[in-house]
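Undergrad: below are the sequence and a predicted model; questions follow.
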Amino acid sequence: MNDQRCFIVGSGNSINDVDLKLLKNENLIFLNSFLHHDHYSDLVKSKRGKKFHVFTPLHQFRNKKILENYIDEFKNPILKNVTCFFGIDDFSTNYIKEFKKKNLVIHDSSFYVYCTKKIDDNEPISPDDFELSKNIWSPKTSSNLALQIAIYMNFNEIYLIGIDHDYMNTRHADNIKVIKKGTLVEDEQDQWKALLKHGKIDQTSFLKDLIPVIKPMEIIEKKFPGRVKNLSKRSFFYCHDKVDISDLKFE
């Protein structure tokens, strides 16, 4: 696909700055909670362009019920219209185990991606770092994993939409993301509200938490300069060039 472009679509507030209908015929890689976006069905049912969905490895939920509700959301029939990638790391709980517990059959065009390799910016990037049939970098977020998948698929232009990670700049839980539905988002909002209530918002801790998110992006930019571009005007990242969607041509 070295003559093609793709768009990695997150759920940050900046997706409100984009007319998503423009993307209908594009190659799209959706992230986590975009499954619940009002335009998701229309976008994935388009006959043109390949559609993918990336789900990061499972991590610790506040309680078992949240995990159960999250796994139940994968029964959504719309997912049959996309190729899904489920990250698997060394956490005690993973998608394979949870899907078996629920007797949930994931369709044939879904894949498990093993990602436990430590990211080291002192070591040169090798092809194995993006080889999905092997153990690849451990992603901090779905955007990291999606970037590795896009590189593996050899898209020569990769555009980021709604990948803002700017939640440390807001004091309102409802403004963290555009999408308000889904177990994952609801749990994040509940945790944010609890932090606000108890006055425990600490921007320094949020910034530290972003280090493992930014590092692989910087490494990729150094290895593939200009290949990844950011369409978000609100994004916390500046390692990739920012472009305006009005400068792109759509069919």
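TA: Nice, thanks for sending it over.
Undergrad: okay, helices next: where are they in this protein?
TA: Taking DSSP state H to define them, one finds helices in the chain at 40-44, 64-72, 95-101, 142-152, 183-197, 203-223.
Undergrad: switch these over to a markdown table; also include distance to Leu23.
TA: Glycine gets a C-beta too; all of them are placed from N, C-alpha and C. Compiled in a markdown table, the helices of the chain are given as follows (distance: least, CB to CB, whole Å):
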| stretch | distance to Leu23 |
| --- | --- |
| helix 40-44 | 6 |
| helix 64-72 | 26 |
| helix 95-101 | 27 |
| helix 142-152 | 15 |
| helix 183-197 | 21 |
| helix 203-223 | 21 |
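Undergrad: now those as a markdown table including mean pLDDT?
TA: Converted to a markdown table, these look like this (pLDDT from 0 to 100):
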| stretch | mean pLDDT |
| --- | --- |
| helix 40-44 | 94 |
| helix 64-72 | 92 |
| helix 95-101 | 94 |
| helix 142-152 | 95 |
| helix 183-197 | 80 |
| helix 203-223 | 85 |
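Undergrad: who touches Leu184 in this structure?
TA: Leu184 makes contact with Asn32, Ser33, Tyr70, according to CB atoms under 8 Å, 6 or more residues apart in numbering.
Undergrad: pLDDT below threshold where in this structure?
TA: 1-2, 167-176, 200-203 (pLDDT under 70).
Undergrad: show me the strands in it, by range?
TA: 5-9, 27-31, 51-55, 83-88, 110-114, 157-161, 228-230, 241-242 (DSSP state E).
Undergrad: among those, which is nearest Gln189?
TA: Of all these, strand 27-31 sits nearest to Gln189, with 17.2 Å by CB to CB.
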